[in-house]
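Engineer: Kindly generate the corresponding structure for this input.
(chains A and B)
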Amino acid sequence: MSELVVRGLEKSFDGTQVLRGLDLDVPAGSLAAVLGPSGCGKTTLLRVVAGFEIADAGTVTVGGAVVAARGIHLPPERRRVGVVPQEGALFPHLDVAGNVGFGLPRSAHRAARVGELLELVGLLGYGDRMPYELSGGQQQRVALARALAPDPALVLLDEPFNALDTGLRAAVREDVCSALRTAGATAVLVTHDQEEALSMADLVAVMAAGRIAQAAPPGELYTAPSDLGVATFVGDAVVLDAVATSAGADSPLGKLELYDSGVRGPGRVVVRPEQVVLSNAANGVVGTVTGTVFYGHDAVVRVSVSAPGGHVPVAARCQGLPPGVVIGDTVGLRVVGPVTFFPAA
Amino acid sequence: MAVPRTLVRMPGAAAGGGRRQRPPLVLVVPALVAAGVALLPLAYLVVRSLDGGLGEFVETLWRERTLRLTLRSLGLAVSVTIACLVIGITLAWLTTRAKLPGRAGWAVVVALPLAVPSYVAAYTWLAAFPTIPPFVGSVLVLTLCCYPYVLLPVAAMLLRSDPALEEVARSLGRGRMATFLSVTLRQVRPAAAVGALLVALYVLSDFGAVAILRFDVFTRVIYTSYRSSFDGTAAAALGLVLVAITSAIVWAEGRSRGRASQARIGSGAPRRLRTVALGRSGTAAGLGFAIVVAGLALAFPLGSLTYWLVQGGAAELDLAALGGAAVSTIAVSALGAVLTTVLAIPVGVLAARYRMRHVRAIEQASYAGHALPGIVVALSLVFFGVRYAYPIYQRTPLLVLAYAVLFLPAAVGAVRASVAQSPPMLEEIARSLGRSPGRVLRDVTLPLAGPGVAAGAALVFLTCMKELPATLLLRPTGLETLATELWAETEVAAYAAAAPYATLLVLLAALPTFLLGHRRRSVTLDVHGGGA
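Structural biologist: Down below sits the predicted model:
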């Protein structure tokens, strides 16, 4: 088990800077998710850490060993960094055992180690199958076993569940998660799926414009985002103009309780839709229903609330079926729990 | 499924600028050796031409003969190219766009003359008409062997092109003929240009047909002047002029090929093209044309071979000599295919995986053989062997080396294409699992590219078997191949004795044409296929 430390990483392609001084710390034995929209440079980060690309500047340290720095570029085969690519990328000319054992030295223990890993990913007995005989989820699990086999210091997973359909994704995700924990591996998962990042990782690093905007445990990231960009990228958000005072924030939704940051003055607050509770109350803050969307496990009601500068749209999340409201109804709104405040720049 | 498409778009594959992975030495060093081998004949030709000093070189070239030869070679190339364009485009249109009875069958038949080596065709015409004028005979034979180089790309283009353009032109008031001239012909122009340049290159490089028909162009004069004098400077200087001309054509071909592929529209399943009814007289004319061309290019040489086989009968059939020639042909060709493929692998893998300037330079160098006529490569290696490598002069290694120079372009193309088919991610994963670049090549890249590389090797093997001029000049003393036996018998007008060798050669040459039949694009790989 070893930690990953990235400092000031820079990388350009054809004059376009993809990584712009990126810093990242992943403690030993933890599973970190690098979360960002497509094209933000996540895959490039992963390829530089794996040694497939040469960094223009910055350092990468794995388990205390410098693998990339000015004038140093350890080739991939000497980094002890395993990679699980998108869609598995199994060697099509080798069977499952051949794939899993690819990174192991030829020895008497090889077959035993392959069996051990296949058991870990729940595919014991599949050793002599060819990759094309496996389902997408099975291929992905073989790819994980292959990466874990040589006991790497670090495992990198590049959007490994992208190609799987929704039903399968959750199951494979859990299997991979538990296999990584059993192996005690330090792992970095690259994904654009916030649900995936929040549900799997110990640490979520939000990436934007070639840097890490914030790295924090999932709960902290959700309740205490470091800036508006992170707040709106991670989870749904209602952003409102507000003025912070010692007693809370004055907003179109009334006085809101704040995570106290000690900052006062004009700015904006981020309210999560599940914090907004609807009622029949005609006094207090009221708004007009503009639409409802039903998702199965919950529903979202869109409400237009009048504010000093005009109307602001607010979303409220309700459990189960949407309450018996129709477009045009007047509803009361109340915010439960503290919200995050960002002072105006 | 095992080779996902999205992986091909990894940034690493398309990377440009910034700092990039350096290609591993385990590939670069052997690739440099291959490039050196490919450039050796050209380099030594320059050295040898300047042997007597620049003055002598200029004096050698500054003769009326050089100008006459140039004009004659270009005249032949231009005549054959124009004839090929007319025949190739007409047949392409007839077999793709016209309601020709038995159109699908004709499409196959009219491409088959590609399988007749030009010197075999020349032999059949000379055997039937011993007094055929050299120029007329050369134009006839080379046109009948080369028009498929125009036909195939143009037919492919006609099948791919969008018929909607023609319909729009008709709807805008252009007549059928005006539409053909202004829209259809314009669409096929890039494809026709590529085909025309291939034809010109083939004609200028061809040795066998013009030598058998005794038409004095560069290749034949280079051969005779080498044979008739001990001083090879004149031959070397003429070779250099010829290479200058062929290089210009290769350069032009590369440029127009780029444009031709840009002009391709759509990649999906071929749309059902509407065919044009020809009317009764039109059908008769179209059928007549196809029958005449196929008759001259295919039925005549095959019939002629059959005639001479029967004529000679058992009396002329020297089974021992035939068997011996077949065995030595197979032996030297197999060695040629092995060496060519071994040299092509590092170059092809580099070209498929690392797009950097010095990698491109290596790849370009390995394509030198494309612009070098067989006779020139042979001549240069003869001089080189006599002076620097006497132990292998007139021994198998030097001959095999000549094959490698000539056919490296085809082999590199095959390796490059088959390596490019598997995603680079697989190699990166192998590296991250602890394999060194050399072992990744052995355990991942080559096993995956294996079938394509083997097909390329097979193509080189068959092409070596047909090769005439290099074999003629460089073969070990006493070794006869099918091509050299055919050459020797034809030289003494022993046409019946030549027939068995010619028949075997046609059968061998037909193999790759059948193998590549459904991959029409690849046929252009076989540029030296006639054995020039």
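
Engineer: where does the stretch 401-532 of chain B come near chain A, residue by residue?
Structural biologist: Applying the criterion Cβ under 8 Å from any Cβ of the partner chain, the portion of the stretch 401-532 of chain B that neighbours chain A consists of B:422-423, B:425-426, B:428-437, B:443-444, B:447-448. The C-beta positions use only the backbone N, C-alpha and C, and glycine is treated the same way.

Engineer: The spatially closest residue to residue B:499 that is not a sequence neighbour sits in which helix or strand?
Structural biologist: Take residue B:499 and drop its neighbours on the chain: the residue closest to it by Cβ to Cβ, 6 or more residues apart in numbering or on different chains is residue B:308, 3.7 Å away. In this assignment (DSSP states H and E), residue B:308 forms part of helix B:300-316.

Engineer: quick revisit: please pick the buried ones from the residues of the stretch 401-532 of chain B next to chain A.
Structural biologist: Restricting these to buried positions leaves B:422-423, B:425-426, B:428-435, B:437, B:443-444, B:448, with burial counted as 16 or more other Cβ atoms under 10 Å in any protein chain shown.

Engineer: Number of residues surrounding residue 92?
Structural biologist: Assuming you mean chain A. As a burial measure, residue A:92 scores 16 neighbours (other Cβ atoms under 10 Å in any protein chain shown).

Engineer: hmm, I had chain B in mind actually
Structural biologist: Per other Cβ under 10 Å, the neighbour tally for residue B:92 reads 28.

Engineer: how many neighbours does the residue in the stretch 1-150 of chain A positioned nearest to chain B have?
Structural biologist: Here the stretch 1-150 of chain A gets closest to chain B at one residue, residue A:103, 3.1 Å apart by Cβ to the nearest Cβ. A total of 22 residues lie near residue A:103 under the criterion other Cβ under 10 Å.

Engineer: cool, residue B:111 as well?
Structural biologist: Using other Cβ under 10 Å as the criterion, residue B:111 is surrounded by 20 other residues.

Engineer: in terms of contact, does it touch residue B:152 like I think?
Structural biologist: Yes - the pair residue B:111 and residue B:152 passes the contact test of Cβ atoms under 8 Å, sitting 6.3 Å apart.

Engineer: Grab the nearest non-local neighbour of the residue nearest the centre of chain A.
Structural biologist: Among the residues of chain A, the smallest C-alpha distance to the mean C-alpha position (Cα atoms, centre = their mean) belongs to residue A:197, namely 2.7 Å. Excluding its sequence neighbours, the residue lying closest to residue A:197 (Cβ to Cβ, 6+ apart) is residue A:33, at 3.7 Å.

Engineer: Could you confirm the one you found falls within a strand?
Structural biologist: Yes - with DSSP: H, G, I helix; E, B strand; the rest coil as the criterion, residue A:33 is assigned to a strand.

Engineer: how close does it sit to residue A:51?
Structural biologist: The span separating residue A:33 from residue A:51 equals 21 Å under the rule Cβ to Cβ, to the nearest Å.

Engineer: Which one's more surrounded, these two?
Structural biologist: When neighbours are counted by other Cβ under 10 Å, residue A:33 and residue A:51 differ, and residue A:33 comes out ahead with 27 against 24.

Engineer: What's the end-to-end length of stretch B:289-304?
Structural biologist: Distances were taken as Cα to Cα, to the nearest Å; on that basis the terminal residues of stretch B:289-304 are 21 Å apart.

Engineer: And it, what's buried?
Structural biologist: Counting neighbours by 16+ other Cβ under 10 Å, one finds that the buried residues in stretch B:289-304 are B:289-290, B:293-294, B:296-298, B:300-301, B:304.

Engineer: Which of these fall within helices?
Structural biologist: Among those, the ones falling in helices (DSSP state H) are B:289-290, B:293-294, B:300-301, B:304.

Engineer: could I get the residues you listed as a markdown table with distance to residue A:291 and pLDDT?
Structural biologist: What follows is those, written out as a markdown table (distance: Cβ to Cβ, whole Å; pLDDT from 0 to 100):
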| residue | distance to residue A:291 | pLDDT |
| --- | --- | --- |
| B:289 | 71 | 93 |
| B:290 | 69 | 93 |
| B:293 | 72 | 93 |
| B:294 | 72 | 92 |
| B:300 | 81 | 92 |
| B:301 | 80 | 91 |
| B:304 | 85 | 90 |
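
Engineer: Just name the closest of these to residue B:460, please.
Structural biologist: The nearest member of these to residue B:460, counting by Cβ to Cβ, is residue B:301 at 24.5 Å.

Engineer: Show the contacting residues for the residue nearest to that closest one when sequence neighbours are not counted.
Structural biologist: Residue nearest to residue B:301 in three dimensions, not counting chain neighbours: residue B:124, with 4.3 Å by Cβ to Cβ, 6+ apart. Shown in contact with residue B:124 (Cβ atoms under 8 Å, 6 or more residues apart in numbering or on different chains): B:300-301, B:304-305, B:502.

Engineer: What ranges in chain A fall below the confidence cut-off?
Structural biologist: Using pLDDT under 70 as the threshold, the predicted model of chain A has low-confidence ranges A:1-2, A:321-323.

Engineer: What ranges does it have for its helices?
Structural biologist: For chain A, helices defined by DSSP H occupy the ranges A:42-50, A:96-100, A:110-120, A:136-148, A:166-183, A:194-200, A:218-223, A:228-233.
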